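Trainee: Have a look at this prediction, sequence included:
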Amino acid sequence: MEHVWSLDSVYRGFEDPAFAADLECVKEKIAQFTALTKDLAAGTPLEALRTGIALQEDINALAQKMSMYASLRQYADSRDAQAQSQLGRLMGIFSAFAAPEAAFQEWAAALPNLMELAESDEILKQYTFLFTNMKNNSRYLLGSRGEEIMAKMQLSGGNAWVDLYNCLTSTATVSYRGNTINIPAVRNLAFDADPQVRRDAYEAELAAYEPIKEPVAYALNSIKLETLSDCQLRGYESPLDRTLKESLVSRETLDAMLGAMDEYLPHFWRYLKAKAKALGHEGGLPWYDLFAPMGHTSTRFTPETAKNYLVEHFASFDQEMSDLVAKAFDEAWIDFFPRDGKCGGAFCEAVQCNKESRILTNFDGTFSAVSTLAHELGHAFHNECVFPHRILNRDYSMPVAETASIFNECLISASALKSAADQAEKLAILEASLHNDTQIICDIYSRFRFESMVFQHREEQFMNADMLCSFMTEAQKQSYGDGLDHNVLHPYMWVNKPHYYGPTFYNFPYAFGGLFARGLYAQYREEGAAFVPKYKKLLYTTSVATAEDAAKVADIDLTDKNFWRAALQTIADEIDQFCALLEG
C-alpha cells in the first residue's frame, strides 16, 4: 500500500502533454463561450441555452481538473514552485471566464420562459435547480464588467493573501524539546498520553505563532475587508446573509440549530469539568489537555490495519461504502503522514475527471486518526453519490457537506463502543467521540462567534494580532463556559485554522453536519437496512436541493428546534455514560 497519494490518473506532471492540451482546450472553450455571450440574440433562446450549458460543462470539467491537480500538489508540498506558478497562471486564465459567465447568468435569469425552455430539453431539464438559483441570485451579480473586475482584482487581493497565509503556516517551524518540527506534528502531540508532552507541545505551538502573527493578521484583515466590500457591492445584508444564501440554508434553520446548541452547552461543560477532575485539575480543563486520552486502549494503527478496520466496520452498514473505502486505500487516494511543507489537518477533494477522490491527512496511528480517516472517506462516499449528476449539478453546499463525514464517525464510534473489551477501552472510545463532538459544538461555536466579531469590527478598524487574540479567547470563554480554564486558552486558533481564510463562515456547517448526521444515525438505528437507500438518496439530493428540501427525503424539518434538540440529546446521553464511567 502506498502512503503518499498518486495523482498520475489526472496528470503525470505539468510537463504531461495532456496538461498542455487541456490548457489550450479550456482557453478555446472560454473564447467560444465569450463569443456566445456577446451575441446571445443571434439564435433562439433554446439554442443559446443548450450551447451555453454545454460550454460551461466543458469549461468546468477542465478547470476543475487542472486547478485541482495544481492545488493538491501545493497542499502536499507548499514549496512546490511549479504548482505555485501554475496555480497563478490558471487563476489568471479562469478569471477571464467571470465576465461572460455573469453575462450568461443575467441573460438566462431574465428569460421570462426560462423554466419552460428547460423542461423542453432532456439535458436542460436536469438543470432546473441550477436555473432556479440563477434567477434567485441574479440580483447579486455586478454585471459582466463588474464580475470581470472583481475576478481580476482577487488575484492580487484576497487570493494572494490566502497564498501568503498558507505559505507562512505550512513553513513555520516549531522548537520542541531541542528539535525542530512543523505545526501539524506538534499539534498531534496534543493526543499524547504523557501530560508533560501535551503541555510542552502546547507552549511550543503558541511560541511558533509569535513570529508570523502580524503578517497573518494582515492577511485576515485584508481577506475580511474584501469580503465586506464584495457583499456591500452585491447587495447582501451581511457576509452571514451571503453565506446562508450560498449554502442554501434559511436563517430560520440556523437560528433553530444555534438556539438548541445554546440550551445544550452546559452538558459539554460538564463533560470538560469531569475530564479535568479525572486529570487532576481543579475547575476547568486547561487547553493543552483538551485532547488528552482517557481510559486505555492498546490498539495502535498503521495505514494497513486502519484499512482492515474500516473496511470491516463499514461492511456492516453498506457493501458499496466498504468497497469504496478499500479502493481508496488500494489505489493510493490517501496521503497519510506529516512532513515538512505539507499542510496540516485533513480534507477530501473530489476528482471530477475520473470520479474519484483524494484525501490528505496527518495520520498518527491513534483511534482518533482512524476516525479522521472515516470522516474524510465519508466525503468520498458523498462524492460517489453525486457523481451520477451532470457536472454542474455536483456541488453541494457547505452545511450538507459534513453530513456523510460525521455520519461515518457515528458508525465507527458505535461499532467500536459495542466491541470494547473492557471499561477502560469503552472510556477511551467515548472520549474520542466526545472530544470530536465538543469540537463541532463548542469549538465551532467559538469560531462562529470569533468571525462575527471580526466582521463587526473590520469595517471600522484594522485589528492587530493582539486584538484578534483577545477576540479569540473571548469567543472561547463564551462557547466553552466554565468547562475550560480561562487562564489557559488558545489565543492563536485564528492563525491555526485555515477556515477563516477561505469561504466566509466556514464554521457552523460543521455543527450542522454533525447534528444532522446524528439525527440520521438515530433513524438508521431504528430502521436498520431499510434506511440505507434513503440515506443514499438524501446524499444524491444534496447537490440539487436546499438543505431543507434534502432533509425532507428523510422526513426531517430543519426549522424545528426539536430536531436539533433530539440530535444534541444523543451526545448528552454519551456524556452521562462518560461521567458515570469516571465516577464508577
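Mentor: Sure, I can see it.

Trainee: Tell me which residues of the lengthiest helix in the chain come out buried.
Mentor: Counting by DSSP state H, the longest helix found in the chain is helix 45-76. Neighbour-count burial for helix 45-76 flags 45-46, 48-50, 52-53, 55-70, 72-76 (criterion: 16 or more other CB atoms under 10 Å). Every C-beta, even on glycine, is put in place using the N, C-alpha and C of the backbone.

Trainee: which helices and strands does it pack with?
Mentor: helix 17-38, helix 81-95, helix 98-110, helix 114-119, helix 122-125, strand 347-351, strand 356-360 (3 or more CB pairs under 8 Å, 6 or more residues apart in numbering; DSSP states H and E).

Trainee: Take those and write them to TSV, including mean pLDDT.
Mentor: Shown next, in TSV, are the helices and strands packed on helix 45-76 (pLDDT from 0 to 100):
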stretch	mean pLDDT
helix 17-38	97
helix 81-95	93
helix 98-110	91
helix 114-119	96
helix 122-125	96
strand 347-351	97
strand 356-360	98
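
Trainee: Can you list the residue ranges for helices in the stretch 201-350 of the chain?
Mentor: 213-234, 239-247, 251-278, 303-315, 319-330 (DSSP state H, counting those that start in this stretch).

Trainee: Please point out which parts of the fourth one sit buried.
Mentor: By 16+ other CB under 10 Å, the buried positions in helix 303-315 come out as Pro303, Ala306, Lys307, Tyr309, Leu310, Val311, His313, Phe314.

Trainee: State the distance from Trp287 to Phe387.
Mentor: 40 Å (CB to CB, to the nearest Å).

Trainee: Please disregard the earlier target; I meant Ala20.
Mentor: 27 Å.

Trainee: number of nearby residues for Leu377?
Mentor: Around Leu377 there are 26 other residues, counting by other CB atoms under 10 Å.

Trainee: Tell me if I'm right that it and Thr361 touch.
Mentor: No. Taking contacts as CB atoms under 8 Å, Leu377 lies outside contact range of Thr361: 10.1 Å.

Trainee: what stretches of the chain score poorly on pLDDT?
Mentor: The chain contains no residues with pLDDT under 70.

Trainee: Centroid-wise, who is the farthest residue in it?
Mentor: Ala42 (42.5 Å; CA atoms, centre = their mean).

Trainee: Okay, strands next: where are they in the stretch 401-550 of the chain?
Mentor: With DSSP state E, counting those that start in this stretch as the definition, the stretch 401-550 of the chain shows no strands.

Trainee: Arg458: what's it in contact with?
Mentor: Arg458 makes contact with Asn221, Lys224, Leu225, Leu228, according to CB atoms under 8 Å, 6 or more residues apart in numbering.

Trainee: Contact partners for Glu214?
Mentor: So Glu214 contacts Asn464, Ala465 (CB under 8 Å, 6+ apart).

Trainee: I'd like to check which residues are in contact with Thr504.
Mentor: Contacts of Thr504 by CB under 8 Å, 6+ apart are Thr227, Pro239, Leu240, Arg242, Thr243, Glu451.

Trainee: Between which two of these is the distance greatest?
Mentor: Arg242 and Glu451 (12.8 Å; CB to CB).

Trainee: more neighbours, the two?
Mentor: Per other CB under 10 Å, whichever of Arg242 and Glu451 has more neighbours is Glu451, with 25 against 20.

Trainee: Confirm for me that the more buried one is in contact with Asn507.
Mentor: Yes. With contact defined as CB under 8 Å, Glu451 counts as touching Asn507 (6.4 Å).

Trainee: How far does the longest helix of the chain sit from its chain's centre?
Mentor: When C-alpha coordinates are averaged (CA atoms, centre = their mean, to the nearest Å), helix 45-76 and its chain have centres 21 Å apart.

Trainee: tilt between it and helix 17-38?
Mentor: 140 degrees (axes from the mean of the first three to the mean of the last three CA atoms, to 10 degrees).

Trainee: Contact partners for the closest residue to Leu220 other than its chain neighbours?
Mentor: In space, Leu220 comes closest to Tyr500 once its chain neighbours are excluded; the distance is 6.1 Å by CB to CB, 6 or more residues apart in numbering. Taking CB under 8 Å, 6+ apart, we find Tyr500 in contact with Leu220, Ile223, Arg447, Phe450, Glu451, Val454, Trp494, Tyr506.

Trainee: Right, I'll leave it there.
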